[in-house]
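A.B. asks: A predicted structure for the sequence below; I have some questions about it.
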2 protein chains.
Amino acid sequence: MARVAKQPTPLPTSDLDARKAAILEAVVAEHIDTAQPVGSTSVAHRDEVHVSSATIRSEMVALERDGYLMQPHTSAGRVPTDKGYRYFVDHLSSGVLGPTQQHEVSDFFTSVRGEMEDILEQTSGLLSNLTSLTSVVVGPSHARASIRTVQLVDLSPRRVLVVAVLSDGSIEKRTLELDTEVSALDVVEASSQLDALLLGTTLEQRLEVPSRDTSIATLVREAVSALHTSTPTADGDQVFIGGSSKVAGSFDQVETVRKVLGILEQGLVVVSLLQDIMNRGLSVAIGSEHGFAPLSSCAVIVAPVLVENESTGAIALLGPTRMNYPEAMAAAEVVSRQLTKRLSSASKDDRG
Amino acid sequence: MARVAKQPTPLPTSDLDARKAAILEAVVAEHIDTAQPVGSTSVAHRDEVHVSSATIRSEMVALERDGYLMQPHTSAGRVPTDKGYRYFVDHLSSGVLGPTQQHEVSDFFTSVRGEMEDILEQTSGLLSNLTSLTSVVVGPSHARASIRTVQLVDLSPRRVLVVAVLSDGSIEKRTLELDTEVSALDVVEASSQLDALLLGTTLEQRLEVPSRDTSIATLVREAVSALHTSTPTADGDQVFIGGSSKVAGSFDQVETVRKVLGILEQGLVVVSLLQDIMNRGLSVAIGSEHGFAPLSSCAVIVAPVLVENESTGAIALLGPTRMNYPEAMAAAEVVSRQLTKRLSSASKDDRG
DNA sequence: GTTGGCACTCATTAGAATCGAGTGCTAACG
DNA sequence: CGTTAGCACTCGATTCTAATGAGTGCCAAC
């Protein structure tokens, strides 16, 4: 009972002796390179271990028995299982970005300009370029940001635009379609009432609006309720997907490509998948680990994007389970750090 | 030597006799259905023509000689060439949407709510659903819209947000990163100066800004220049792409899928392609017609979206050259009309 | 415990035979 | 003269078989 409280059985599934680990590493690395089942001799020719192929073979049957490897069919090489990749990721891989790529990242972050949305979108492209994987960037949520200013703009006698500027620099807008015409003066008056009313609140806060019946009061009420209604599409979150064409380079079954793309099209599904992975404290979800069947041949790498030490956004990489984990994880890690830095410096002294 | 003058002659390439046309139609229709080369007997069994397969064969050699059909190899059926599709589109296809789809469209447009961007994005999804093709929706340009309001919002002592509301309800924002701190009062003052200065102008108009050296004047100057700088990403145009997963369903070569997706990722390329097609007065560009080699196995259907009788936006469908033209063209046509109607009713009485 | 040797497995490849969809040609027919 | 039935022919696709060889598991020897 000392430290042998695993499952019901005390099999030391989480630790392999050094040689098994080395062999597993070799198999995974080789398979990532070649996308082919790898045999005992190819492992012997690498320099992770220096034993004969026969020895490797006998170790491999052990690794297969314990669920780290599998054979597509008798007399084929071995392929890592999800569990095998998991061990590789947890114990073995320690990737650093190549110097070229390091440069690419720092060049990017020193030169990128413009609004947050643009930066996030371009970051997504950067990640995808670095790794040849599809990337997902979820922008920081605006839920916490408070309202700095609200303004009404009359576009036409019956159409009024509500524009709210939040403390994080983002903007929410809603168009009101009115039943009756309003005068420009009423709009101005309602606008300043609104501004006073909402200043400092967040979009999530519900608040009591005096329900008088003047046209100005009606206008104010409608504007408030419109602002508090989230838009039908993205739930306030901004999702940027980069390099979806990379999906087609990752799988050779066109049907798999179609499925994965179909999922990527549903932004909300992707966001909640990432949320789920992060909630479970993972940074990598391999194959069946994320419990999302249509993506069972994919692995997802997630890294949080912190603002004021809270994780509000995320960057993710999506690719086949046989992706280059060290490289991809390193890329995600460094980009996440840089992006966090960028966003923090932008928000560190906001006037809430 | 009587009528044996083929090439440099006034051959009536643009008109086929009725039977040839019927046969061509049958071949195209069948090939759209089956994606296979179609033989003389399958044509004979359809009811476009009622002649024997032998007759059809001899007509087919003529159609092939004239470039409407081609054989992948001897002893295979015929496949339409781009020219064949072109004839089909110009002379033969006359599609109407099925009643179910008509309903889907009108339901959509009666129930869709929200901001322009959301509507455009959802329209893109609708089109893609209707046709099983990838759709591109290019939002109306804001170039013509005049400024209704400009406001400065101080986010932090050194960061000021410029928010411009345009007459079409769209918003442009720029963040200014200042070298020196500015007071909240200065921001307010600059804001009202800006508003007065820019009201009624468009983003394209360059205007003289008095270059005094007060901190307020500097702020105003920077704000104006920021607004006049277009964002690095989309050139003011908004592009919405829907159903990119449909690409994977349209081609069975994964490499083709990758190429097409790669192009779709470059929004600007797509937009200029659509522009080019429309400039040439086409509504359909088939295969090599659009002169864009990477998409030579694709056809593009474009329909303008009019605002105040000017074409400022566009909707497009992209698919394999063997797409269902009648259906796709009908869908593009009706959605374009509905969208135009929607946008016109929204802007018809804007206060410029 | 490690290794070389060896028999065995089985997907993949190559080649040969066959099939058959579809053609082009020709002769007969109305 | 246009249309059609008949027929020989072509050639990709399919099927089958045999050969290949990468890779394994086992065992005996080191």
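C.D. replies: Yep, that arrived. Numbers count the residues shown, from 1 in each chain, chains lettered A, B, ... in the order given.

A.B. asks: around DNA strand C, pick out the residues from chain A.
C.D. replies: A:Arg19, A:Val51, A:Ser52, A:Ala54, A:Thr55, A:Ser58, A:Pro72, A:His73, A:Thr74, A:Ser75, A:Ala76 (CB under 7 Å from any atom of the strand). To be clear about C-beta, it is placed using only N, CA and C from the backbone, and glycine gets the same treatment.

A.B. asks: please enumerate the helices of the stretch 251-352 of chain A.
C.D. replies: For the stretch 251-352 of chain A, the helices defined by DSSP state H, counting those that start in this stretch cover A:254-265, A:267-279, A:325-347.

A.B. asks: quick revisit: return the member of the residues of chain A next to DNA strand C nearest to A:Leu295.
C.D. replies: Taking CB to CB as the measure, A:Leu295 lies nearest A:Pro72 of the residues of chain A next to DNA strand C, at 20.7 Å.

A.B. asks: how close does A:Ala143 get to DNA strand D?
C.D. replies: Separation of A:Ala143 from DNA strand D (CB to the nearest atom of the strand, to the nearest Å): 52 Å.

A.B. asks: pLDDT weak spots in the stretch 151-300 of chain A?
C.D. replies: A:232-236 (pLDDT under 70).

A.B. asks: A:Ile315 touches A:Val137, doesn't it?
C.D. replies: Yes: with contacts counted by CB atoms under 8 Å, A:Ile315 reaches A:Val137, the gap being 5.1 Å.

A.B. asks: what do the two both touch?
C.D. replies: A:Thr123, A:Ser124, A:Leu127 (CB atoms under 8 Å, 6 or more residues apart in numbering or on different chains).

A.B. asks: tell me the contacts of A:Ser250?
C.D. replies: A:Leu133, A:Thr134, A:Gly319, A:Pro320, A:Met323.

A.B. asks: in CSV: those residues, plus neighbour count.
C.D. replies: Putting those into CSV (neighbours: other CB atoms under 10 Å in any protein chain shown) gives the following:
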residue, neighbour count
A:Leu133, 29
A:Thr134, 27
A:Gly319, 26
A:Pro320, 19
A:Met323, 24
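
A.B. asks: let me know the closest of those to chain B.
C.D. replies: A:Thr134 (10.2 Å; CB to the nearest CB).

A.B. asks: torsion angles phi and psi at the residue of chain A found nearest DNA strand D?
C.D. replies: Distance from DNA strand D to each residue of chain A (CB to the nearest atom of the strand) is smallest for A:Gly39, at 2.8 Å. Reported as degrees, to the nearest 10, the phi and psi values for A:Gly39 are phi -100, psi 170.

A.B. asks: any idea of the pLDDT on it?
C.D. replies: Listed pLDDT for A:Gly39 reads 97.

A.B. asks: what do you get for the one 3 residues further on?
C.D. replies: Reading off the confidence values, A:Ser42 has pLDDT 96.

A.B. asks: ok, A:Asp47 next?
C.D. replies: At A:Asp47, pLDDT is 92.

A.B. asks: residue contacts, A:Leu274?
C.D. replies: Residues counted as contacts of A:Leu274 (CB under 8 Å, 6+ apart) are A:Val136, A:Val138, A:Val300, A:Val302, A:Ala314, A:Ala316.

A.B. asks: distance to B:Gly98 and neighbour count added to the residues you listed, as CSV?
C.D. replies: Shown next, in CSV, are the contacts of A:Leu274 (distance: CB to CB, whole Å; neighbours: other CB atoms under 10 Å in any protein chain shown):
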residue, distance to B:Gly98, neighbour count
A:Val136, 36, 26
A:Val138, 38, 26
A:Val300, 39, 27
A:Val302, 43, 24
A:Ala314, 42, 23
A:Ala316, 40, 27
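
A.B. asks: can you tell me which of the residues you listed is closest to DNA strand C?
C.D. replies: Nearest member of these to DNA strand C, counting by CB to the nearest atom of the strand, is A:Val300, at 27.8 Å.

A.B. asks: which ones are touching the residue nearest to A:Gly95 when sequence neighbours are not counted?
C.D. replies: Excluding the flanking residues, the one nearest A:Gly95 by CB to CB, 6 or more residues apart in numbering or on different chains is A:Pro326, at 2.5 Å. For A:Pro326, the residues meeting the contact criterion (CB under 8 Å, 6+ apart) are A:Ser93, A:Ser94, A:Gly95, A:Val96.

A.B. asks: any of those residues buried? List them.
C.D. replies: A:Ser93 (16 or more other CB atoms under 10 Å in any protein chain shown).

A.B. asks: now, which of the contacts of A:Pro326 lie close to DNA strand D?
C.D. replies: Counting by CB under 7 Å from any atom of the strand, no member of the contacts of A:Pro326 reaches DNA strand D.

A.B. asks: which residues does the closest residue to A:Gln151 other than its chain neighbours bridge with?
C.D. replies: Leaving out its chain neighbours, the residue that sits closest to A:Gln151 by CB to CB, 6+ apart is A:Val163, at 4.9 Å. Beta-bridge partners of A:Val163, counted by DSSP bridges, are A:Gln151, A:Lys173.

A.B. asks: A:Val163 contacts B:Val163, correct?
C.D. replies: Yes: counting by CB under 8 Å, B:Val163 is a contact partner of A:Val163 at 6.8 Å.

A.B. asks: what do those two both touch?
C.D. replies: Common neighbours of A:Val163 and B:Val163 are listed as A:Ile171, B:Ile171 (criterion: CB under 8 Å, 6+ apart).

A.B. asks: ok, back up a step: any chance of the contacts of A:Pro326 in TSV, plus secondary structure and pLDDT?
C.D. replies: Below are those laid out as TSV (DSSP: H, G, I helix; E, B strand; the rest coil; pLDDT from 0 to 100):
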residue	secondary structure	pLDDT
A:Ser93	coil	78
A:Ser94	coil	78
A:Gly95	coil	78
A:Val96	coil	85
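
A.B. asks: nearest to A:Glu177 among the contacts of A:Pro326?
C.D. replies: Nearest member of the contacts of A:Pro326 to A:Glu177, counting by CB to CB, is A:Gly95, at 53.8 Å.

A.B. asks: dump the residue contacts of the closest one.
C.D. replies: A:Gly95 neighbours (CB under 8 Å, 6+ apart): A:Tyr325, A:Pro326, A:Glu327, A:Ala328, A:Met329, A:Ala330.

A.B. asks: residues in contact with the last one?
C.D. replies: When you say that, I think you mean A:Ala330. A:Gly95, A:Val96, A:Leu97 are the contacts of A:Ala330 under CB under 8 Å, 6+ apart.

A.B. asks: next up, the contacts around the second one.
C.D. replies: The one in question is A:Val96. A:Pro326, A:Ala330.

A.B. asks: my read: A:Ser336 touches A:Ile301, true?
C.D. replies: No: using CB under 8 Å, A:Ser336 is not in contact with A:Ile301; the gap is 10.0 Å.

A.B. asks: low pLDDT regions in the stretch 1-150 of chain A?
C.D. replies: Short version for the stretch 1-150 of chain A, where the test is pLDDT under 70: A:1-14.

A.B. asks: quick one: the helices in it?
C.D. replies: Under DSSP H, counting those that start in this stretch, the stretch 1-150 of chain A gives helices at A:18-34, A:40-45, A:53-65, A:82-87, A:99-111, A:116-131.

A.B. asks: now these as JSON lines including mean neighbour count?
C.D. replies: As requested, the helices of the stretch 1-150 of chain A are exported to JSON lines (neighbours: other CB under 10 Å):
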{"stretch": "helix A:18-34", "mean neighbour count": "20"}
{"stretch": "helix A:40-45", "mean neighbour count": "18"}
{"stretch": "helix A:53-65", "mean neighbour count": "16"}
{"stretch": "helix A:82-87", "mean neighbour count": "22"}
{"stretch": "helix A:99-111", "mean neighbour count": "13"}
{"stretch": "helix A:116-131", "mean neighbour count": "22"}
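
A.B. asks: can those helices go into a markdown table with extra columns for distance to chain B?
C.D. replies: As requested, those are exported to a markdown table (distance: least, CB to the nearest CB, whole Å):
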| stretch | distance to chain B |
| --- | --- |
| helix A:18-34 | 18 |
| helix A:40-45 | 26 |
| helix A:53-65 | 30 |
| helix A:82-87 | 23 |
| helix A:99-111 | 10 |
| helix A:116-131 | 5 |
